[in-house]
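Visitor: quick one, fold the following:
(chains A, B, C and D, ligands or ions: 2)
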Amino acid sequence: MLEDKDSSGKPEPLNVSREATKTFPGVKTAKTPWREMGLKDQEYELIVEKLGREPNYTELGMFAVLWSEHCAYKHSKALLKTLPTSGPRVLVGPGENAGVVDIGDGLAVAFKIESHNHPCAVEPYQGAATGIGGIVRDILAMGARPVCLLDSLRFGPLSHPRSRFLFSGVVSGISGYGNCLGIPTVGGEVFFAEPYKNNPLCNVLCAGILRHEDLHKGQASGPGNIVMIVGHSTGRDGIHGCTFASEELGEDAESRRPNVQVGDPFMEKLLIEACLEMMATGAVVGVQDMGAAGITSSCAETAARAGTGLSIEINKVPMREKGMTPYEVMLSESQERMLLIVKPEKVETVESIARKWGLNVAPIGVVTGSGLLEVFDNGEKVASVPVKLLTEGPVYDPPAEEPAYIRENAHFSPESIPVPETSWFNEILLELLASPNIASKEPVYRQYDYMVRTDTVEGPGRGAAVIRVKGTRKALVFSTDCNGRIVYLDPRAGAMWAVAEAARNVAVTGAQPLAITNCLNFGNPEKPDIFWQFKEAVEGMGEACRVLETPVTGGNVSFYNETEGEPVYPTPVIGMLGLIEDVEKRVTPGFKLKGDKIALLGRVWGDGRSLCGSEYLERIHGVVAGSPRQPDLGLEKALIKTLVEAAGERLLRSAQDLSEGGLGVALAESCILACPGARGAKVNLQGVCPAGYRLDAVLFGECNSAVVVSFSPDKEEALRDVCAKNGVPFSVIGEVDGDVFTVEAGAGTTVIKVTSADMTGAWANGISRSLI
Amino acid sequence: MKFGVVVFPGSNCDADCYHVVRNVVGQECEYVWHESKDLRGFDAVILPGGFSYGDYLRSGALARFSPIMQSVYEFAEKGGLVIGICNGFQILLEAGLLPGAMLPNDNLEFRCGWVNVKVENADTAFTRLYRPGEIVRMPIAHHEGNYYAEKETLDELERSGRVVFRYVDENGCPSREANPNGAARNIAGIINERGNVLGMMPHPERCSEAILGGEDGRRLFLSMVRALCS
Amino acid sequence: MKYKGTVVVTLKDGIFDPQGAAVRGSLLALGYPQVVDVRMGKNIVLYLDVPSKEEALSLLDEMARRLLANPVTETYMVSVEEWCSRP
Amino acid sequence: MKYKGTVVVTLKDGIFDPQGAAVRGSLLALGYPQVVDVRMGKNIVLYLDVPSKEEALSLLDEMARRLLANPVTETYMVSVEEWCSRP
Ligand SMILES: Nc1ncnc2c1ncn2[C@@H]1O[C@H](COP(=O)(O)OP(=O)(O)O)[C@@H](O)[C@H]1O
Ligand SMILES: [Mg+2]
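Guide: Ligands and ions are numbered 1, 2, ... in the order given. The predicted structure follows:
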């Protein structure tokens, strides 16, 4: 092992010229190599100033990846600091590989969501597959057994051939990789809209369960401890992947082959089992996945968190290709590898477990007290950089400016949209149910193994996912949500909307929302209007999380989601974790028994504003405009409390929240998801139509803080009391019926009358029809 | 009764089978590592679902060479009960313990969901607690479940009552629509001549508790226990 | 039909091939240490009804480029032979 | 290493090949009506370190029989060429 001689934290002078003549991939001119690596001139100058000398090529490469937007959060760090991150249940907040939340009984949940957008735009199958691999290793790094996945996807409309190609590629990539791991994919979202045409979004959430005492961290503590690498051998794949993720996509995106990595789910499965076994022996002091920027970032981050240094012998890394340079080894993003910090006397234990599972393993260095990341190649020092300098990249406060479209939007009057004739409403409902954004996502999730592990109590297609925790009565509930169209029209309101919807989705099952993770997908933050969207959204998200008491435990920022200047809808995806104390008391979305009463908890606005940003307005009228209403977070909180209490007292037979498609679609979905025998409903809207309402807005307007429930008639009193106590409007609007869904607007005017078979047909085939 | 659940690299329904045998059916159960060569003391062996060796060449093709498979042959030879579920079924086919082979699903997709399955033979060690012809609901989750065998083999299987499970619709009809993968004659599970080795694509361990949406699978494990006791 | 074309699609060199690696692992375990490396690819046979061999070749090339191979990760090779009728 | 062996594994004639059918469907949709039939197979390349070509061939044949092809559904063809060192 290497000597730990220098503990001053100051880099010693290095013979820079040795490597300066070498060429390396991706760099055409030797004059300003930092530019080709994605660093700005002033960033390079800062490196030279702080380092006190010019970095050599290997070091420059290390800076380039760690100072990329993807790793350094240059444009987001300052704003992310404003988010609420603590709470009585938060065991680990942002900063580690994943947030960890206490769920009682000595158990905890580690969960996080991450994007793999850029790789998916280039090679959808492998992009999505390796995205799963990455987030699963994050959860594993906390010492948790990964127990479920959710995928939040965005594509252009399926009428574009390219969108269809990306859609089927991403879905089969998730299926191919996730299924092989034996981790069920239990939920997610798919949303189609024009701005995602060239920039699909693929965000994946993974959650794992651990006992408190098994919590591990990504810290290289204890000088003298051994640094080990386990899993796949290291090849030349994906060098500069995170730099790639920190740029807009140009026309040459397809030719960026070296950045595409091939996933090996079998290896990942072995890695999961082996790492859990190693951690259980107490051998592992620290553990970190190798994601973007590979060995460089995992070493720098673990050392930075522990305030130590690392000395690495790069030639000891198991390699799969000959003649790799230190630069390539340090920057490779080969998949399915983990970095372990191991007590010296336990190295053998780790090695034998790795061997049992057929994995490569090697001690590659030692923890030092130097504060430096030192890299040796066959005894020769090839890099020596202060860890802090690597991990504390520059932080920018870019200008933000309200985009012009926001101002134009303010002039849009929803009243200019005529209310359709009453006779059209049947058709409109069926059209909305068939819209790919609302229609059944079964063509997607039937490709995912959502039942493996035998914990999936409610899988995809039935609202939020409910996962039991064996050995307890508890269940975890997950939902991912974000309506990018709303966020685009009003980023602040839209982000609040996403948090509120995710919380409500979780609460309708009877679960208490506990905490969120988030994935912020935006365009180029160097553009003031994009940064304005980002700023507004982060502030809105923070505010909603504060009011709903769901702290932010982690997340991921994905910028530069634009192609040739066309950005995606700003899309802050929220992944919400909820907890049901007694899984037998969970509530499901479908109606149950004929004669059960139906009520609206919360309210609908019934005005033009509630149409702004709605699926109805885009699908039926072809309009995306207006200012969506900011959610009433106080009411949302009261509604959540009501739902949790009502479920706890077993007052509800079903609950379904209002989201895309509004009240009309929520009622229709309650019919579609009902148990056989009672698939219809008789509804009269008189009691919920406010003065001066418009019928399309009552039925299809989108607003928060509203839920459709059904309950046995003898529970009406009790339910009314719970609502009254919490200050939530309660309106009985009808009852569950045979197999026809009818809606009357006033006395005697039927506006909708449709069989549940017709609704189910439209909804079930919506996606497959648009694929033809 | 003591069950053994074989763990291949890449098995992922091993823990599910273990859970059901132990906590739902209440029998002894132990994992058996694929490198082990010893099945002494076990009364029944489960080859669980998953992706042994990533299923990289063909499902089950690489697993069949694991050291434990020699012991599985011998165990079966002596009349021990062996059940292969999903990937386990594929391994049994590759190993020649059951006739035929698996092709990729004809829809070319991985398929996960619930199917209706008819118990065609309720007179086996694995199905004695079902009614003959009973229609049960079970989950499937696989990419290669398109069972293939030559016509003579299929005829022989049918004649000797060795087609144990068949995909059917709600009315018990083995229709094209009810077939999730293109399997020949809607075959979902078959048994060997001696009646002690069963392979099936559906996952009984995923439907052994009401909270998971169905309990039809439990009787399969209970049947095995009953058979071993008698 | 007149020609039997074959498009062999392989992973580009340098792209890791997990399938090949797993197969090699099994072959080693089966006692074949002589196997130094394994790469898995696709062998796609297309029966074509075209007037000439040249046309068959250029068609195969076009189809390989457009659909059969993924230019991001794969390369392909095309060959053609005459074919009277399929057995 | 000395030899580059290739094992081409194809579905037996008469066994329906859904993948091939799907590829043909896509090709028709892309405007290639000349494509009469498509069959998908595997192209497995094995780099071998053995003393002679004969040995390479018999080794390939053995591995194909034991592992690489499933005799119930597949047939295979083996070929070998000399190989100095992989690029
Ligand atoms: N990509 C996906 N993967 C898995 N499940 C999905 C996916 N997209 C949607 N679902 C499931 O389909 C159901 C409906 O999705 P969505 O309309 O987004 O639900 P909600 O309105 O409850 O947010 C949910 O249960 C969701 O988990
Ligand atoms: Mg939704």
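
Visitor: which residues of chain A lie near ligand 1?
Guide: A:151, A:153, A:185, A:187-190, A:441, A:444-445, A:460-463, A:481, A:505, A:659 (CB under 6 Å from any ligand atom). Where C-beta positions appear, they are placed from N, C-alpha and C, glycine not excepted.

Visitor: could you rerun that using 5 Å?
Guide: A:151, A:187-190, A:441, A:444-445, A:460-461, A:463, A:505, A:659 (CB under 5 Å from any ligand atom).

Visitor: so which of those is the most crowded?
Guide: A:G187 (32 neighbours; other CB atoms under 10 Å in any protein chain shown).

Visitor: next structured bit after the helix or strand that one falls within?
Guide: Assessed by DSSP states H and E, A:G187 sits inside strand A:185-192. Per DSSP H and E, the first helix or strand lying C-terminal to strand A:185-192 is strand A:201-211.

Visitor: what number of residues are in the vicinity of the nearest residue to A:A304 once chain neighbours are set aside?
Guide: Leaving aside its sequence neighbours, A:A304 sits nearest to A:T391 (CB to CB, 6 or more residues apart in numbering or on different chains; 4.1 Å). Counted with other CB under 10 Å, the neighbours of A:T391 add up to 19.

Visitor: hang on, A:T391 packs against A:G307?
Guide: No: the criterion here is CB atoms under 8 Å, and A:T391 misses it with A:G307 at 11.2 Å.

Visitor: what ranges does the stretch 151-300 of chain A have for its strands?
Guide: A:185-192, A:201-211, A:226-231, A:284-289 (DSSP state E, counting those that start in this stretch).

Visitor: can you redo those as TSV with distance to A:V547?
Guide: Below are the strands of the stretch 151-300 of chain A laid out as TSV (distance: least, CB to CB, whole Å):
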stretch	distance to A:V547
strand A:185-192	23
strand A:201-211	23
strand A:226-231	42
strand A:284-289	33
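
Visitor: could you tell me the phi and psi values at C:E82?
Guide: Note on C:E82: its backbone torsions stand at phi -70, psi 160 [degrees, to the nearest 10].

Visitor: mind listing the strands for chain B?
Guide: B:2-7, B:28-33, B:44-47, B:81-85, B:101-103, B:111-119, B:135-142, B:146-148, B:163-168, B:187-191, B:197-200 (DSSP state E).

Visitor: to chain D, which of those lies closest?
Guide: The minimum distance between chain D and the strands of chain B falls on strand B:101-103, with 3.8 Å, by CB to the nearest CB.

Visitor: does that closest one reach chain A?
Guide: No: contact of strand B:101-103 with chain A (CB under 8 Å from any CB of the partner chain) is absent, the minimum separation being 16.0 Å.

Visitor: name the helices or strands packed onto that strand?
Guide: helix B:87-94, strand B:146-148 (3 or more CB pairs under 8 Å, 6 or more residues apart in numbering or on different chains; DSSP states H and E).

Visitor: most packed of the ones you listed?
Guide: helix B:87-94 (a mean of 28; mean count of other CB atoms under 10 Å in any protein chain shown).

Visitor: and that helix with chain C, contact?
Guide: No: shown here: helix B:87-94 not in contact with chain C (CB under 8 Å from any CB), separated by at least 11.9 Å.

Visitor: what's the angle from that helix to strand B:2-7?
Guide: Orientation check (axes from the mean of the first three to the mean of the last three CA atoms, to 10 degrees): helix B:87-94 against strand B:2-7 gives 80 degrees.

Visitor: does the residue nearest the centre of chain A lie in a helix or a strand, and which?
Guide: Centroid-nearest residue in chain A: A:I113, 3.4 Å away (criterion: CA atoms, centre = their mean). A:I113 is part of strand A:107-115, with elements assigned from DSSP H and E.

Visitor: ok, that strand: who's next to it in the sheet?
Guide: Note on strand A:107-115: by DSSP bridges, its sheet partners are strand A:99-104 (antiparallel), strand A:201-211 (antiparallel).

Visitor: tell me the most buried of the ones you listed?
Guide: strand A:201-211 (a mean of 26).

Visitor: ok, residue 76 - contacts?
Guide: Picked chain A for this. A:520, A:525, A:534, A:538, A:557, A:559 (CB atoms under 8 Å, 6 or more residues apart in numbering or on different chains).

Visitor: chain C, not that one
Guide: C:7-10, C:64-65, C:68-69.

Visitor: try it again at 10 Å.
Guide: The contact partners of C:Y76, by CB atoms under 10 Å, 6 or more residues apart in numbering or on different chains, come to C:7-10, C:41-42, C:44, C:60-61, C:63-65, C:68-70.

Visitor: show me where the stretch 551-700 of chain A has its helices.
Guide: A:615-621, A:633-648, A:662-672, A:695-700 (DSSP state H, counting those that start in this stretch).

Visitor: mean pLDDT added to those, as TSV?
Guide: Output for those, formatted as TSV (pLDDT from 0 to 100):
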stretch	mean pLDDT
helix A:615-621	97
helix A:633-648	98
helix A:662-672	98
helix A:695-700	97
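
Visitor: measure the residue of chain C found nearest ligand 1 to chain A for me?
Guide: Closest contact between chain C and ligand 1, by CB to the nearest ligand atom, is at C:N70 (22.8 Å). C:N70 sits 7 Å away from chain A, going by CB to the nearest CB, to the nearest Å.

Visitor: now for the longest strand anywhere in chain C, which elements pack on it?
Guide: The longest strand of chain C (DSSP E) is strand C:35-48. Contacts defined by 3 or more CB pairs under 10 Å, 6 or more residues apart in numbering or on different chains; DSSP states H and E place strand C:35-48 against strand C:3-11, helix C:18-29, helix C:53-63, strand C:74-82, strand D:3-11, helix D:18-29, strand D:35-48, helix D:53-63.
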